[in-house]
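[1] give me a model of this one.
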Amino acid sequence: MSRKAEVLRLAWPAVGSYILHNAYRINDQFWIQGLGPSAQAAIGTSFFVIILNFAAIFLAAGGTLSLVARATGAGDREGAHSVTRHAVLFGIGLALVIGVIGTSFTDTIVSALGLPPDASAYAVEYLGTLYIFLTPLALVPVLDNAFIGRGKTAIPFVLDFAAIGINYFLNPIMIYGGSAALEIDLNGAAPFGAEFADSIATTLGIEGFGMRGAALATCLSRTATILAGLLILKFGFGMGFFGSWRPKLSRILAIAKISLPVSGSILIFASVYLLILRLVLEPLSTEVKAGLGIGFQVFEGLAFPCYLGVGIASASLVGQKLGAHQPEAALQVVHAARFVARCLGLIMTAVFFFLGAHIVPIFTQDPGVELETLRYVGILAFSQYFVSVETVNEKVLLGAGHTRPIFWIAFLGNALRVPLAWLFASPLGFGAAGVWWAINLTTYLKAGLFWKTVERGTWLKRLGR
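    Predicted structure coming up:
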């Protein structure tokens, strides 16, 4: 099997899985449009808080992929099980801590976003509910990486497919209750599934929970598939969770050591967007923020999972090849993954350019929001090729466990976005368009630095011997 075929074999289920992960956001943006632009602005900006939380949760997930992949490549089945058990325990602990802190300070967190009063109220409802039910959401990346590290990318795909199906039908039930089919009008017709949701909600007497309902739908659907994933590990892979097993702090620290630089890079990414929202976008209209939410969650929510799926597949294969002491094979995987990712980057560039005007009206009937979304999508089209380059090279370093450069590149590239966004938006007078171009320029920088770091080969010399 050629290396490109090997990458594609693992990548297509991973791509599908990550698209389905992001379909939660698309689901939410679609169904909450009946609540108005303020709700869409709230859910769009809240997502950057969710990424901030994910940075902490990823401490349990990032190292899991690398360590499970290396154990699998070395034929150490029990070692892979041990990493997974510790990662699940670590993930639950992190979720409990973050959930308590988030629930206690939801109002403070939302006030920092600089949203108008109506949007702030929606954001408090949404984030407050997610914090209460955070544990199943925290275990999603842990279990995904445990399966991907074993080379079983199809399992997360199937679980995510089931989860998004459940979520799609739960959303209108939990948001609108018995009036689900009446809340959204698509050219004179109700959305697919709305009448079914209507009948279920009416039968069960559910009146709908508004924005809280969107969060509840997410948590309930994830709970079902997390339980399924744990059962697959137990009965499909023979991994016990109890018995004579005793947790070891050293194993948790080994996972965290690899994860920490990546978690730091995620933290910086989310913090930068929150700073831009607060310092640069706050004076701009609600339509700009809603346009950011739809553009980021729908368009980049489709494109980035494609690059991420290829990157994660390459991370799994690189870890396995290094675990089997095959550094040359690991290098071949890198070249194949780069080629596949760049092809996807070109495809997504075309999607952003030529299909934006057809897709955006599905998610908003507000002319101002539509205009700002199209502006965002048209400008971000110029960076999609470079996002694909950045993503695949970053994940190669993750798979090798050589994660320290990830933090420094992310710090430099993302931190530059704040002053550049301010400069282009305010003193130079380009407004929101200037912010989006600041994001493009810093993406070019990060893509080049990640490419050069992988080319340098330090990751291969240290871990492939």
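[2] the stretch 201-350 of the chain: helices as residue ranges?
    Taking DSSP state H, counting those that start in this stretch as the criterion, the stretch 201-350 of the chain carries its helices at 211-231, 249-276, 286-294, 300-323, 327-363.
[3] where among those is average confidence lowest?
    Among the helices of the stretch 201-350 of the chain, helix 286-294 carries the lowest mean pLDDT, at a mean of 85.
[4] can you check what angle separates it from helix 249-276?
    150 degrees (axes from the mean of the first three to the mean of the last three CA atoms, to 10 degrees).
[5] buried sites along helix 286-294?
    Within helix 286-294, the residues scored as buried using 16 or more other CB atoms under 10 Å are Thr286, Glu287, Val288, Lys289, Ala290, Gly291, Leu292, Gly293, Ile294. (Glycine included, C-beta is placed from N, CA and C.)
[6] next, report how far that helix is displaced from the centre of its chain.
    Per CA atoms, centre = their mean, to the nearest Å, the displacement of helix 286-294 from the mean C-alpha position of its chain is 19 Å.
[7] over to stretch 60-75?
    Using CA atoms, centre = their mean, the offset of stretch 60-75 from its chain centre is 20 Å.
[8] next, the buried residues of that stretch.
    60-73.
[9] and these, which is closest to Asp366?
    Ala61 (36.7 Å; CB to CB).
[10] list the contacts of that closest one.
    Residues in contact with Ala61 (CB atoms under 8 Å, 6 or more residues apart in numbering) are Ala87, Gly91, Pro141, Val142, Asp144, Asn145, Ser259.
[11] can you check Leu441 too?
    Leu420.
[12] for the stretch 1-150 of the chain, give me the ranges with low pLDDT.
    For the stretch 1-150 of the chain, the stretches with pLDDT under 70 are 1.
[13] let me know which of the helices of the stretch 201-350 of the chain is the nearest to Tyr376.
    Nearest of the helices of the stretch 201-350 of the chain (CB to CB): helix 286-294, 5.3 Å.
[14] mind listing residues that contact stretch 322-338?
    2-4, 6-7, 11, 69-74, 310-311, 313-314, 317-318, 321, 389, 392-393, 396, 399-400, 454, 460, 463-465.
[15] at 6 Å instead, please
    3-4, 7, 70, 73-74, 310, 314, 317-318, 321, 392, 396, 460, 463-464 (CB atoms under 6 Å, 6 or more residues apart in numbering).
[16] list the buried residues in that stretch.
    So stretch 322-338, judged by 16+ other CB under 10 Å, has buried residues Leu322, Gly323, Pro327, Ala329, Ala330, Leu331, Gln332, Val333, Val334, Ala336, Ala337, Arg338.
[17] between the residues you listed, which is closest to Phe304?
    For those, the nearest to Phe304 is Ala337 (15.5 Å; CB to CB).
[18] for the closest one, which non-adjacent residue is spatially closest?
    Ser314 (3.5 Å; CB to CB, 6 or more residues apart in numbering).
[19] measure that neighbour to Ser265 for me?
    Distance from Ser314 to Ser265, counting by CB to CB, to the nearest Å: 18 Å.
[20] who has more neighbours out of those two?
    Ser314 (32 against 25; other CB atoms under 10 Å).
[21] which ones are touching the more buried one?
    Val333, Ala337, Lys395, Val396.
[22] how about Gly309?
    Taking CB under 6 Å, 6+ apart, one finds Ala11, Ala14, Val15, Tyr18 in contact with Gly309.
[23] gap between it and Thr106?
    The value you get for Gly309 to Thr106, if CB to CB is used, is 32 Å.
[24] check Gly323 too.
    Gly323 is 42 Å from Thr106, by CB to CB.
[25] could you export the contacts of Ser314 to CSV, including columns for distance to Ile166?
    Output for these, formatted as CSV (distance: CB to CB, whole Å):
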residue, distance to Ile166
Val333, 35
Ala337, 32
Lys395, 29
Val396, 34
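[26] and these, which two are furthest apart?
    Most distant of the contacts of Ser314, by CB to CB, are Val333 and Lys395, 11.0 Å apart.
[27] give the contact list for Gly128.
    Taking CB under 6 Å, 6+ apart, one finds Thr106 in contact with Gly128.
[28] which SSE is it in?
    Element membership for Gly128 (DSSP states H and E) is helix 117-132.
[29] can you list contacts of whichever helix or strand comes after that helix?
    With elements assigned by DSSP H and E, the helix or strand that comes after helix 117-132 is helix 134-149. Helix 134-149 is touched from outside by 57, 60-61, 64-65, 68-69, 84, 87-88, 91, 95, 99, 155-156, 222-223, 226, 229, 312, 316, with contacts defined as CB under 6 Å, 6+ apart.
[30] could I get the CA-only coordinates of the host helix or strand of Ala421 as PDB?
    For Ala421, the element it lies in under DSSP H and E is helix 417-425. Extracted C-alpha coordinates of helix 417-425, given in PDB (Å, rounded to 0.1, in the frame of the first residue of the first chain):
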ATOM      1  CA  ARG A 417      -3.200  39.000  15.400                       C
ATOM      2  CA  VAL A 418      -4.300  41.500  18.100                       C
ATOM      3  CA  PRO A 419      -2.100  44.500  17.200                       C
ATOM      4  CA  LEU A 420      -2.500  43.800  13.500                       C
ATOM      5  CA  ALA A 421      -6.300  43.500  13.800                       C
ATOM      6  CA  TRP A 422      -6.500  46.800  15.700                       C
ATOM      7  CA  LEU A 423      -4.200  48.500  13.200                       C
ATOM      8  CA  PHE A 424      -6.100  47.400  10.200                       C
ATOM      9  CA  ALA A 425      -9.600  47.900  11.700                       C
END
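[31] contact partners of stretch 286-305?
    With CB under 6 Å, 6+ apart as the criterion, stretch 286-305 contacts 18-19, 22, 25-26, 29, 37, 40-41, 44-45, 348, 363, 368-369, 372-373, 376-377, 384, 432.
[32] out of those, list just those in helices.
    18-19, 22, 25-26, 29, 37, 40-41, 44-45, 348, 363, 368-369, 372-373, 376-377, 384, 432 (DSSP state H).
[33] return the members of these classed as buried.
    Of those, these count as buried by 16+ other CB under 10 Å: 18-19, 22, 25-26, 29, 37, 40-41, 44-45, 348, 363, 369, 372-373, 376-377, 384, 432.
[34] these two touch, right, Gly319 and Val68?
    No - the criterion here is CB atoms under 6 Å, and Gly319 misses it with Val68 at 7.8 Å.
[35] ok, the spatially closest residue to Phe58 that is not a sequence neighbour - contacts?
    Once flanking residues are discounted, Phe58 sits nearest to Ser263: 4.7 Å by CB to CB, 6+ apart. Counting by CB under 6 Å, 6+ apart, Ser263 makes contact with Ala55, Phe58, Leu59.
[36] now do 7 Å
    Ala55, Ala56, Phe58, Leu59, Gly62 (CB atoms under 7 Å, 6 or more residues apart in numbering).
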